[in-house]
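Participant: Structure here, sequence nowhere to be found:
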């Protein structure tokens, strides 16, 4: 950052001091204060052996009871308050600086996981061009770049969302799967025999991630892993 940029940033912070998204405390240069970071609901074992969701034991969770195209996955936070507030700001309110907080935490998980750290390619779950135009960015792409920068794994946009799909938020598990079926295609055919690490902001039922993984394996991927900022418990 140039001297002029630093001076400009300092003036903005002085005139418009930044507050913590979660508690409202003044926090220059950061979006979440140290105290709130301490109380974030970090995912703790035992974990589902497929998606990384916290479970009562080390078996697969209810969402992964059916055959899954994901070989192994991990997550940083449980998608409960206040995580949902952070994700909302990141995804819908243009607080894109949160990519550093999320991405670095995800990178730390990846670097200590025996499978994820061996991935050949990091790729984001793609956003339809119309949604990206309306939002201004794909939050998953922002996360993938931070993850790549902090792990050394190559980042590639190997998937493309070819069909617009309505929001999954209010849909049942079955309808979620139907909603995303056939919505993705291969953008770059460099996945054959590669271990692909899919990155996204939130995993709920896993329908979207599984469909991405299915297409990647259909194209010859050797294995497909997942890592998300937050996962529903």
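Facilitator: All right, it came through fine. The model shown is predicted, which means the values in this text are computed figures rather than measured ones. Residues are numbered from 1 along each chain as shown.
Participant: C-alpha from now on. contacts and neighbour counts both.
Facilitator: Fine.
Participant: Which of the residues in stretch 120-138 are classified as buried?
Facilitator: For stretch 120-138, a neighbour-count test (16 or more other CA atoms under 10 Å) marks 120-129, 137-138 as buried.
Participant: Find the pair from the residues you listed with maximum spatial separation.
Facilitator: 120 and 129 (26.1 Å; CA to CA).
Participant: Which helix or strand lies directly C-terminal to the lowest-mean-pLDDT helix or strand in the chain?
Facilitator: Scoring the helices and strands of the chain by mean pLDDT, DSSP states H and E places helix 3-15 at the bottom, with a mean of 44. Sequence-wise, the next helix or strand downstream of helix 3-15 (DSSP states H and E) is helix 34-38.
Participant: what element comes up after that following helix heading to the C-terminus?
Facilitator: Past helix 34-38, the next helix or strand by DSSP H and E is strand 72-78.
Participant: And that next one, what does it pack against?
Facilitator: helix 98-112, strand 223-231 (3 or more CA pairs under 8 Å, 6 or more residues apart in numbering; DSSP states H and E).
Participant: right, so these: which one is the most enclosed?
Facilitator: The highest average neighbour count among those, using mean count of other CA atoms under 10 Å, belongs to strand 223-231 at a mean of 26.
Participant: just checking, what packs against it?
Facilitator: strand 72-78, helix 98-112, strand 195-203, helix 207-218.
Participant: Could you rerun that using 10 Å?
Facilitator: strand 72-78, helix 83-92, helix 98-112, strand 121-124, helix 139-151, strand 195-203, helix 207-218 (3 or more CA pairs under 10 Å, 6 or more residues apart in numbering; DSSP states H and E).
Participant: re earlier: just checking, which of the buried residues of stretch 120-138 comes out lowest on pLDDT?
Facilitator: Going through the buried residues of stretch 120-138 one by one, the lowest pLDDT turns up at residue 129, 81.
Participant: per-residue pLDDT, the residue nearest to that residue when sequence neighbours are not counted?
Facilitator: Of all residues not flanking residue 129 in the chain, residue 161 sits nearest, at 7.9 Å (CA to CA, 6 or more residues apart in numbering). With respect to pLDDT, residue 161 scores 86.
Participant: One more: residue 180?
Facilitator: At residue 180, pLDDT is 67.
Participant: if we can go back for a sec, in CSV, list the helices and strands packed on strand 72-78 along with mean pLDDT and distance to residue 32.
Facilitator: CSV is the format used below for the helices and strands packed on strand 72-78 (pLDDT from 0 to 100; distance: least, CA to CA, whole Å):
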stretch, mean pLDDT, distance to residue 32
helix 98-112, 98, 9
strand 223-231, 98, 15
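Participant: Relative to residue 28, which of those is closest?
Facilitator: helix 98-112 (14.2 Å).
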